[in-house]
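Undergrad: Sequence first, predicted coordinates after that:
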Amino acid sequence: MGTSPAFTDDENGIAIWESGAVLAYILESFDTEYKLHPKPRSSRRDRATFLHLQQYIIATVYPFLASLFIHTLKPKEEQDAAYIANAKEKFLALLGPTLVKFLGSSDYFMGDHISAIDFLVTKPLGNAHSLGLLKDFPTLDTLYHKI
């Protein structure tokens with residue numbers, strides 16, 4: 001995409017970039033009551049799920065949907081119809097179902113409470129919503145509108 005989130009903490013002389021690093025730093029520094037992420041010594045399953053989702057969204061879901069969405073903003077004559085159709089099919093067959101599996105029957109990705117993962121996935125879900133891709137995934141659509 002050509003851009004990367006960046007964060008500076010002038011008080012501590014810290015300048016970092018990359019979504020995962022920025023998210024981890026902000027959570028570790030400012031979510032000291034662990035309302036948005038699991039405690040380091042919490043259940044291994046919760047911590048592993050959080051880290052897995054974080055990386056899946058940052059490395060796979062977000063760039064995939066951002067690229068597709070940006071492509072559809074081009075003038076119609078410059079769009080690659082085959083790319084769009086294939087990408088939409090990939091979301092419908094693979095990425096969407098994977099997110100649904102992670103969400104399960106919970107209201108939020110980490111269970112019954114909102115977490116940083118829910119905020120992180122909102123942007124790519126917004127792209128999917130704009131592309132009409134969430135209509136086949138009502139639980140993801142509900143989460144998107146809730147956030």
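TA: It's in.
Undergrad: Just want to check the distance between residue 143 and residue 129.
TA: Computed as CB to CB, to the nearest Å, the residue 143 to residue 129 distance reads 11 Å. In short, each C-beta sits where N, CA and C put it, glycine included.
Undergrad: Identify the spatial nearest neighbour of the spatially most central residue of the chain, chain neighbours not counted.
TA: Centroid-nearest residue in the chain: residue 121, 2.7 Å away (criterion: CA atoms, centre = their mean). Distance criterion CB to CB, 6 or more residues apart in numbering; nearest residue to residue 121, sequence neighbours excluded, is residue 57 at 5.2 Å.
Undergrad: any idea how far that neighbour is from residue 63?
TA: From residue 57 to residue 63 the distance is 10 Å (CB to CB).
Undergrad: quick one: which of the two has more around it?
TA: Remark: of residue 57 and residue 63, residue 57 carries more neighbours, 25 against 14, as counted by other CB atoms under 10 Å.
Undergrad: From residue 95, how far out is that one?
TA: Residue 57 is 10 Å from residue 95, by CB to CB.
Undergrad: show me what contacts residue 55?
TA: Neighbouring residues of residue 55 by CB atoms under 8 Å, 6 or more residues apart in numbering: residue 20.
Undergrad: Just the element for it, please.
TA: Applying DSSP states H and E as the criterion places residue 55 in helix 44-56.
Undergrad: Could you identify the helix or strand that succeeds that helix?
TA: Beyond helix 44-56 toward the C-terminal end (DSSP H and E), the next one is helix 62-72.
Undergrad: For whichever helix in the chain runs longest, buried residues please.
TA: If you go by DSSP state H, the chain has its longest helix at helix 116-130. In terms of neighbour count (16 or more other CB atoms under 10 Å), helix 116-130 has its buried residues at 116-118, 120-121, 123-125, 127-129.
Undergrad: buried residues in the helix holding residue 55?
TA: 49-50, 53-54, 56.
Undergrad: same question, stretch 83-98
TA: Result for stretch 83-98 [16+ other CB under 10 Å]: buried residues 87-88, 91, 95-96.
Undergrad: Mind putting those into TSV with secondary structure, distance to residue 67 and pLDDT?
TA: Putting these into TSV (DSSP: H, G, I helix; E, B strand; the rest coil; distance: CB to CB, whole Å; pLDDT from 0 to 100) gives the following:
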residue	secondary structure	distance to residue 67	pLDDT
87	helix	8	98
88	helix	12	98
91	helix	11	98
95	helix	12	98
96	helix	16	98
